[in-house]
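Engineer: Sharing a sequence plus its predicted fold:
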Amino acid sequence: DQRTEKRNKRTVACVSLGGKAEEAELAALTIVMEKNGYAVMNLGAGVTTPAVTQFLTRTKPYAVILYASFPSSANETVDVIEFIAESANANGTRCITAGCPPGIHKGTSGISVMHVQSFAEWNDVHIESAVR
């Protein structure tokens, strides 16, 4: 896809889907990603789903990482992931989930699912191979 090829492959957006309880994890993820050469746009916790999709449409980052280790509702979290993934895919942005409890992704499609046990594992993440 030409839109994806023209964008900076080292720019990612990070979003917490679990609220303020995940701010420390999201900050740590941002540090790890920056250490690995990515320019990170950290949207933080408490950002609304429409705000995230507007941001993705406007900025078109190479990838968006959705972090949710403490979802309040598994069904609601899946709905949010699917909604954001559709927006990301429409803009040529890769969508990656991290920190999500096992099984939360059942029924989602078009996204790359990664169960990251520790932040050190992000050294082995290849965003370029994530599903668009």
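Structural biologist: Nice, I can see it.
Engineer: Okay, and the beta partners of residue 14?
Structural biologist: Residue 14 has the following beta-bridge partners by DSSP bridges: residue 42, residue 65.
Engineer: if I look at it, how far off is residue 47?
Structural biologist: Distance check for residue 14 against residue 47: by Cβ to Cβ, to the nearest Å, it reads 10 Å. For every residue, glycine as well, the C-beta is placed using N, CA and C.
Engineer: Send me the helix ranked longest in the chain as CSV with only the CA atoms.
Structural biologist: Among the elements of the chain assigned as helix by DSSP state H, the one spanning the most residues is helix 74-90. Listed next in CSV are the C-alpha coordinates belonging to helix 74-90 (Å, rounded to 0.1, in the frame of the first residue of the first chain):
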residue,chain,number,x,y,z
ALA,A,74,-13.5,-7.7,28.2
ASN,A,75,-16.4,-7.3,25.8
GLU,A,76,-16.1,-3.6,25.8
THR,A,77,-12.3,-3.8,25.3
VAL,A,78,-12.7,-6.1,22.3
ASP,A,79,-15.2,-3.6,20.8
VAL,A,80,-12.8,-0.7,21.3
ILE,A,81,-9.9,-2.7,19.8
GLU,A,82,-12.0,-3.6,16.8
PHE,A,83,-13.2,0.0,16.3
ILE,A,84,-9.7,1.4,16.5
ALA,A,85,-8.2,-1.4,14.3
GLU,A,86,-10.8,-0.6,11.6
SER,A,87,-9.8,3.1,11.6
ALA,A,88,-6.1,2.2,11.7
ASN,A,89,-6.5,-0.2,8.8
ALA,A,90,-8.4,2.4,6.8
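Engineer: still on that earlier bit, more neighbours: which of residue 14 and residue 47?
Structural biologist: When neighbours are counted by other Cβ atoms under 10 Å, residue 14 comes out ahead of the other of residue 14 and residue 47, with 23 against 13.
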